[in-house]
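K.L.:
dropping a prediction and its sequence here:
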Amino acid sequence: MLRCFGVVLAFLVLPLPACGRSAPGTAEVVVTATYEGQPAEVVEQEVTVPLEQALAGAPWARRLRSVSARGSATVRLRLDRRADVFAARQDARERLERVLRQLPDGVMPAVSGAREPEVDAGRYVLSAPALD
């Protein structure tokens, strides 16, 4: 019972910043690539950076975010609200074709489009100062 009271009190008192991926209803173009067995640093330098450079400056993109992990790279581009998702995906494919020669052998980026749901349940971060 005391534990439940503490959780409720913490929820009411501590700041709860929302940390969702994107605004509800926002369309994205997502580019993924795998580079099996390579550490994140190598994936970043040899895969993620060329992908970012190819997609940077796309007129339909509002924001570009990327994540490099062991053996994989993901680049997400949030689209302008007026952008056509299908046209943006096609433009992304054409931009990526220009950098295929720069990527390591066997790395083939895949392009997909996603639309966030209109209603987002939301994600929150609960933080408190350390107790010593």
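P.N.:
All right, it came through fine.
K.L.:
helix or strand with the lowest mean pLDDT in this protein?
P.N.:
Taking mean pLDDT, DSSP states H and E as the measure, helix 2-13 is the helix or strand of the chain with the lowest mean score, a mean of 58.
K.L.:
list the contacts of the helix or strand that that helix is followed by.
P.N.:
On the C-terminal side of helix 2-13, the nearest following helix or strand under DSSP states H and E is strand 27-34. Counting contacts by Cβ atoms under 8 Å, 6 or more residues apart in numbering, the residues outside strand 27-34 that touch it are 22, 47, 51, 55, 61, 71-79, 83, 85, 88-89, 92, 96, 103, 107-116. All C-beta atoms are positioned from the backbone trio N, CA, C, and that covers glycine.
K.L.:
would you list the buried entries among those?
P.N.:
Listed as buried from those are 22, 47, 51, 55, 61, 71-73, 75-79, 83, 88-89, 92, 96, 103, 107, 109, 111, 113, 116; burial here means 16 or more other Cβ atoms under 10 Å.
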